[in-house]
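> give the three-dimensional model of this entry:
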Amino acid sequence: MLPIHSKPKPWNPSIAPANSQTFKKILPLRVSNKEANQSKAGRIKRLVLTNEGRTKLNPSPDREFYASPRFVAHVDDGFIATLTDLYRERLRHGSEILDLMSSWISHLPNEVVYKRVVGHGLNAQELARNFRMDYFFVKDLNQDQKLEAEDASFDAVLCTVSVQYLQQPEKVFAEVFRILRPGGVFIVSFSNRLFYEKAISAWRDGTAYSRVQLVVQYFQCIEGFTAPEVIRKLPSAANSQDDKSPFSLLMKWLRLFSGSDPFYAVIAYKNFKPVYD
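Here you go, the predicted structure:
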């Protein structure tokens, strides 16, 4: 039976940075740099983005943009079903999971029980409604990329339809590497939807192919991730054979008649990809 968490509990705000808000049960915070000093694993080998590529049309703080909760699905049912199937395949029963840049839905399979699910996002009301989360915290990763978690404390990290908003993805991916256990997985999924004014320039001005390659490069710039695996599920040809009139094309551009959302996921593991029976 899945746990349902109806009331937020304090995370331990006394140890949280001043620019973050934390909620639900207290988790320990012990960050040791001993291993990092002894190994190159987890270091940033190169920067992927230029300064211009990190810019947004709306430069106001992201916490202001997400101040009001949005209790909506940001992708369609087909995308969600594909993502849930992927989680069912890649996330093991009893895992400890960090759902990064999350909201009120995590899309985890309902029948699978995990040891711990920690959520992160920018709106406390959305996160508090997410019944899969045991804990959550609010933090702007574009202001501070440090994650309040121990080294090697999670089996999996998820980032769903949000990677396009990261202005310092290299630092965030390095932090994800740090908090993953050896063999832990990082699953980054996205479609073609976005808040245009809040997406970074490198994403906003790119194509479907270039966006996938951008996420691949985020993994490749961190020492120690396995070779990224790309999964695509595009709308079928039958769905694309619709009216090609100017009116129809305009409607599609305005997302009033948009068809199925394409599905993309880029996946890599810390140090090695585990093999299970």
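
> nearest residue to residue 182 other than its sequence neighbours?
Nearest-residue entry for residue 182: residue 271, 4.7 Å, with adjacent residues in sequence omitted and distances by C-beta to C-beta, 6 or more residues apart in numbering. To be clear about C-beta, it is placed using only N, CA and C from the backbone, and glycine gets the same treatment.

> that neighbour contacts residue 186, correct?
No. Between residue 271 and residue 186 there is no contact under C-beta atoms under 8 Å: 12.0 Å.

> ok, the two, which is more surrounded?
residue 186 (27 against 16; other C-beta atoms under 10 Å).

> who's that one bridged to?
residue 157, residue 268 (DSSP bridges).

> so it versus residue 68, what's the distance?
29 Å (C-beta to C-beta, to the nearest Å).

> how about the residue lying closest to residue 109 once chain neighbours are set aside, phi and psi?
Excluding its sequence neighbours, the residue lying closest to residue 109 (C-beta to C-beta, 6+ apart) is residue 88, at 4.4 Å. Backbone geometry at residue 88, expressed as degrees, to the nearest 10, gives phi -60, psi -40.

> got the CA positions of stretch 206-213 in PDB?
C-alpha atoms of stretch 206-213 as PDB (Å, rounded to 0.1, in the frame of the first residue of the first chain):
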ATOM      1  CA  GLY A 206      17.200  25.000 -30.700                       C
ATOM      2  CA  THR A 207      15.600  22.100 -32.600                       C
ATOM      3  CA  ALA A 208      14.300  18.800 -31.200                       C
ATOM      4  CA  TYR A 209      17.600  17.200 -32.200                       C
ATOM      5  CA  SER A 210      19.800  20.000 -30.700                       C
ATOM      6  CA  ARG A 211      17.900  19.900 -27.400                       C
ATOM      7  CA  VAL A 212      18.500  16.200 -27.000                       C
ATOM      8  CA  GLN A 213      22.200  16.700 -27.800                       C
END
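
> neighbouring contacts of that stretch?
164, 190, 192, 203, 214, 230, 232, 262, 264, 266 (C-beta atoms under 8 Å, 6 or more residues apart in numbering).

> so which of the residues you listed sit within strands?
190, 230, 232, 264, 266 (DSSP state E).

> quick one: classify the residue nearest the centre of the chain as helix, strand or coil.
Nearest to the geometric centre of the chain sits residue 159, at 1.3 Å (C-alpha atoms, centre = their mean). Using DSSP: H, G, I helix; E, B strand; the rest coil, the structure places residue 159 in strand.

> how about it, what does it touch?
Residue 159 neighbours (C-beta under 8 Å, 6+ apart): 100, 101, 186, 187, 188, 189.

> please redo it, this time with the cut-off set to 7 Å
Residues in contact with residue 159 (C-beta atoms under 7 Å, 6 or more residues apart in numbering) are 100, 101, 188.

> can you list contacts of stretch 263-276?
Residues contacting stretch 263-276 (C-beta under 7 Å, 6+ apart): 79, 82, 86, 177, 180-191, 212, 215-216, 219, 224-226, 228-233.

> mind running it again at 6 Å?
79, 82, 177, 180, 182-190, 212, 215-216, 219, 224-226, 228-233 (C-beta atoms under 6 Å, 6 or more residues apart in numbering).
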